[in-house]
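Asks: the sequence and its predicted three-dimensional model are supplied below.
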Amino acid sequence: MSWHTLAAVLFGGALLQAPQQPPRDPRLRPSPMDEASISGTITSDDTEPRRLRRVLVTLNGAALEHGGRTVITDDAGQFRFDGLPAGQYGLTAVKEGYVPARFHSLRPPRVGSLSTIAATGLSVGRGESVTADLRLARGAVVTGVVTDPDGRPEEGILMTASSYRFLPGAPERRLFAASRGIFTTDDRGVYRIFGLPAGEYVISAQRGAGNAQQAIRQSSTDSRPVIAAPVYFPSTTDLAAATRLTLAQGEERRGIDVQMRYVPTATIAGMAASPPGSSSGRVSLTRRTGQPGAIETVAVTLMHPDGGFTISGIVPGHYTVYAIAETAPGVGTDPADGTWSSGSIDVDVDGEDVVGITIPTSATLTLKGTLVFEGGSAPAARFGRMTVPIAPIGGGYGTPGPHFRPLDDSHFEVSGVIPGPYRITGTTAPGIRTPLGSWWVKSVVIGGREALDGAIEIRRSTDAIVVTLAEQASTVSGVARDAHGVPVPGAYVVIFGADHASWFFNSRRVAGDRTDPRGHYTIRNLPPGEYRATVALDLEPGEWFDPQVLQQLLAAAVPVTVFGAEAQTLDLILR
């Protein structure tokens with residue numbers, strides 16, 4: 001792939017269009033005395049750096065017409081942008097075979113990143129000349145041979161290097177393509193994926209549209225239909241069994257060979273043993289991925305009126321079948337109280353149909369507890385619209401969610417809880433970062449365990465829940481500035497616990513906030529403890545819960561201590 005194609009993939013063609021921009025309106029052009037410039041040198045990130053020629057360098061900023069300009073480094077690795085108005089800019093460098101880099105960034109732009117063009121980090125004053133050098137790391141390489149089940153080379157197989165990461169709102173690390181561009185096998189079955197940042201990868205192979213006619217065939221043994229399933233190194237169709245390759249900067253890993261697999265599909269059918277009066281329901285088929293705690297929903301189907309269900313086209317693997325049924329209106333308790341029954345069963349599929357299974361179900365759970373108001377009291381009526389800030393791990397249950405009901409000034413009931421693992425969320429009120437009126441969640445103890453410090457199993461009804469709310473919460477606020485003391489708008493300030501055990505999704509000891517146009521941020525309701533704080537340009541909302549991201553941010557973080565419900569000021573420098 002040429003660097004022109006790579007640029008189009010990375011930046012949606014915006015960079016390549018920059019040279020065809022119409023002439024600037026003379027009325028908007030700054031006077032020569034006011035025009036600024038940005039120049040620099042691009043070198044390799046080696047022990048003995050080399051100047052890199054023909055690097056695509058892109059400058060973005062709100063002060064520019066059409067959003068960006070692009071130049072190419074000369075034989076000495078140098079670039080220059082002249083005639084710039086004062087403002088905030090972002091600088092990106094791309095060269096085939098190297099990992100893309102952004103000025104003032106601790107990591108390369110990710111594939112599919114929402115922050116590719118929005119990043120800033122360079123503040124330029126009127127008439128100022130700024131030097132901004134960048135170093136590009138040589139990308140890692142993975143290469144090997146792909147063969148068919150008989151050992152013959154497979155041509156045109158799509159190869160992907162993927163890594164686990166968080167997306168906004170996603171409660172688990174999930175697998176996403178990390179390799180830029182399209183990589184396929186040649187007529188010898190050989191592939192070569194290049195330009196990868198150092199890290200951990202899963203290599204997969206699957207047929208592209210060009211050879212889709214070979215994706216379905218008849219088994220040579222019993223004429224059953226089989227499909228060409230995606231295959232993960234080392235030649236497994238089970239993502240949980242895939243080998244993770246750890247690549248160093250610039251490493252070339254050879255011999256990562258993959259053999260394509262044709263696997264038979266199967267049907268899972270059975271009955272959900274719903275209680276009398278059940279009117280509707282659904283069945284979800286899930287399986288675990290290669291990431292601890294991560295569950296993938298494979299299929300969802302509605303139950304028949306008699307509780308029966310059928311799911312077809314299932315490839316071999318280990319699955320869990322969840323059944324959810326709703327009790328008909330007028331039967332049992334009030335639907336608002338969670339009139340659901342649920343159950344699950346584990347199923348192994350090896351190509352043969354799995355029929356006649358029965359999923360035992362039982363009524364949903366009811367949790368009761370006490371509201372403790374530190375520093376005062378509040379009438380239960382204020383909490384009539386309160387929702388429950390817990391979410392099932394793995395999801396896919398398909399119920400309306402637990403229903404909260406205040407019983408009196410200090411007691412409540414939560415009904416409609418499906419047995420399973422749960423986590424406290426921060427997106428519903430009262431969330432960890434969202435107050436309920438003037439009250440902040442300080443503690444949620446379920447069965448004697450603090451639910452704010454990790455996932456918790458809820459397997460039986462209980463009346464031993466204690467929710468503590470406080471009128472005061474800690475506040476850490478300040479301004480993020482660049483090295484010249486200029487406020488940085490649109491950056492992300494992240495404060496996270498010094499103890500790595502607190503690095504998990506929606507941890508109350510991990511928080512982020514985007515700076516406003518004045519570079520100001522505010523983070524509230526961190527519990528007492530030791531923290532690290534930093535400012536970064538290229539994060540996406542919620543990505544700071546990813547332990548790998550926090551590890552990268554740690555190098556530029558500064559220590560901060562939260563003692564209690566006090567307010568403190570912490571200004572940060574973009575490093």
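Replies: Great, that's in hand.
Asks: quick one, domains of this protein?
Replies: The chain is divided into the following domains under automatic domain parsing: 3-136, 141-264, 268-363, 365-470, 475-573.
Asks: dump these to TSV, plus mean pLDDT and mean neighbour count.
Replies: The C-beta positions use only the backbone N, C-alpha and C, and glycine is treated the same way. Shown next, in TSV, are these (pLDDT from 0 to 100; neighbours: other CB atoms under 10 Å):
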stretch	mean pLDDT	mean neighbour count
domain 3-136	75	17
domain 141-264	84	17
domain 268-363	78	17
domain 365-470	75	17
domain 475-573	91	18
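Asks: which ones are touching residue 157?
Replies: By CB atoms under 8 Å, 6 or more residues apart in numbering, the contact set of residue 157 is 146, 184-185, 189, 191, 205-208, 260.
Asks: helix or strand for the residue nearest to residue 306 when sequence neighbours are not counted, which one?
Replies: Nearest residue to residue 306, sequence neighbours excluded (CB to CB, 6 or more residues apart in numbering): residue 271, at 7.5 Å. Per DSSP states H and E, residue 271 falls inside strand 266-273.
Asks: give me the sheet partners of that strand and which way each runs.
Replies: Strand 266-273 pairs in its sheet with strand 308-314 (antiparallel), strand 354-360 (parallel), by DSSP bridges.
Asks: quick one, the very next helix or strand once past it and strand 308-314 angle?
Replies: Next helix or strand after strand 266-273 toward the C-terminus (DSSP H and E): strand 278-288. Counting by axes from the mean of the first three to the mean of the last three CA atoms, to 10 degrees, strand 278-288 lies at 30 degrees to strand 308-314.
Asks: so which elements touch strand 278-288?
Replies: strand 266-273, strand 295-302, strand 308-314, strand 317-327 (3 or more CB pairs under 8 Å, 6 or more residues apart in numbering; DSSP states H and E).
Asks: next one: residue 54 from residue 79, what distance?
Replies: Distance check for residue 54 against residue 79: by CB to CB, to the nearest Å, it reads 11 Å.
Asks: show me whatever sits in contact with both of these two.
Replies: Counting by CB under 8 Å, 6+ apart, the residues touching both residue 54 and residue 79 are 72-73.
Asks: surely residue 511 and residue 526 touch.
Replies: Yes: counting by CB atoms under 8 Å, residue 526 is a contact partner of residue 511 at 6.3 Å.
Asks: which neighbours do those two share?
Replies: residue 495.
Asks: sorry, back to before: residues in contact with the strand holding residue 271?
Replies: Outside strand 266-273, the residues touching it (CB under 8 Å, 6+ apart) are 281, 283, 285, 303, 306-316, 319, 321, 323, 325, 343, 347, 349-361.
Asks: and with 6 Å instead?
Replies: 303, 307-308, 310-312, 314, 323, 349, 351-361 (CB atoms under 6 Å, 6 or more residues apart in numbering).
Asks: ditto for stretch 179-193
Replies: Against stretch 179-193 from outside (CB under 6 Å, 6+ apart): 1, 9, 111, 142-143, 145-147, 153-161.
Asks: and for stretch 195-205?
Replies: 97, 99, 108, 139-140, 146, 157, 159-163, 230-233, 242, 244-249, 256, 258.
Asks: tell me where the stretch 451-575 of the chain has strands.
Replies: Here the stretch 451-575 of the chain has its strands, by DSSP state E, counting those that start in this stretch, at 456-458, 462-470, 475-481, 492-497, 510-514, 520-524, 529-536, 558-562, 567-569, 572-573.
Asks: okay if I get those as CSV plus distance to residue 66?
Replies: Below are the strands of the stretch 451-575 of the chain laid out as CSV (distance: least, CB to CB, whole Å):
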stretch, distance to residue 66
strand 456-458, 51
strand 462-470, 50
strand 475-481, 27
strand 492-497, 26
strand 510-514, 25
strand 520-524, 29
strand 529-536, 26
strand 558-562, 38
strand 567-569, 39
strand 572-573, 31
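Asks: residue 71: which of the ones you listed is closest?
Replies: strand 529-536 (25.9 Å; CB to CB).
Asks: give me the sheet partners of that closest one and which way each runs.
Replies: By DSSP bridges, strand 529-536 pairs with strand 492-497 (antiparallel), strand 558-562 (antiparallel).
Asks: closest to residue 371 out of the ones you listed?
Replies: strand 558-562 (24.4 Å).
Asks: chain center to the closest one, what's the gap?
Replies: 26 Å (CA atoms, centre = their mean, to the nearest Å).
Asks: by how many degrees do it and strand 520-524 diverge?
Replies: Going by the same axes, to 10 degrees, strand 558-562 makes 40 degrees with strand 520-524.
Asks: what's the distance between residue 512 and residue 301?
Replies: Distance from residue 512 to residue 301, counting by CB to CB: 38 Å.
Asks: now residue 55
Replies: Applying CB to CB to residue 55 and residue 301 gives a distance of 52 Å.
Asks: and if you look at residue 227?
Replies: 20 Å.
Asks: from the contacts of stretch 195-205, which ones fall inside strands?
Replies: Within the contacts of stretch 195-205, residues falling in strands by DSSP state E are 140, 146, 157, 159-163, 231-232, 245-247, 258.
Asks: adding distance to residue 41, write those out as a markdown table.
Replies: Converted to a markdown table, those look like this (distance: CB to CB, whole Å):
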| residue | distance to residue 41 |
| --- | --- |
| 140 | 24 |
| 146 | 40 |
| 157 | 40 |
| 159 | 34 |
| 160 | 34 |
| 161 | 30 |
| 162 | 34 |
| 163 | 30 |
| 231 | 44 |
| 232 | 41 |
| 245 | 33 |
| 246 | 32 |
| 247 | 27 |
| 258 | 41 |
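Asks: and stretch 299-317, C-alpha only, in PDB?
Replies: Taking Å, rounded to 0.1, in the frame of the first residue of the first chain, the C-alpha atoms of stretch 299-317 are listed here in PDB:
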ATOM      1  CA  ALA A 299     -27.900 -14.800  18.700                       C
ATOM      2  CA  VAL A 300     -31.200 -13.700  20.200                       C
ATOM      3  CA  THR A 301     -34.500 -15.300  19.400                       C
ATOM      4  CA  LEU A 302     -38.100 -15.000  20.800                       C
ATOM      5  CA  MET A 303     -39.700 -17.900  22.700                       C
ATOM      6  CA  HIS A 304     -42.600 -19.700  21.200                       C
ATOM      7  CA  PRO A 305     -45.900 -19.400  23.300                       C
ATOM      8  CA  ASP A 306     -45.100 -22.800  24.800                       C
ATOM      9  CA  GLY A 307     -41.600 -21.700  25.900                       C
ATOM     10  CA  GLY A 308     -39.900 -23.500  23.000                       C
ATOM     11  CA  PHE A 309     -37.000 -22.000  21.000                       C
ATOM     12  CA  THR A 310     -34.700 -22.800  18.100                       C
ATOM     13  CA  ILE A 311     -31.300 -21.200  17.200                       C
ATOM     14  CA  SER A 312     -29.600 -22.300  14.000                       C
ATOM     15  CA  GLY A 313     -26.300 -21.800  12.200                       C
ATOM     16  CA  ILE A 314     -24.100 -22.200  15.300                       C
ATOM     17  CA  VAL A 315     -20.400 -23.000  14.900                       C
ATOM     18  CA  PRO A 316     -18.600 -25.200  17.300                       C
ATOM     19  CA  GLY A 317     -17.800 -23.700  20.700                       C
END
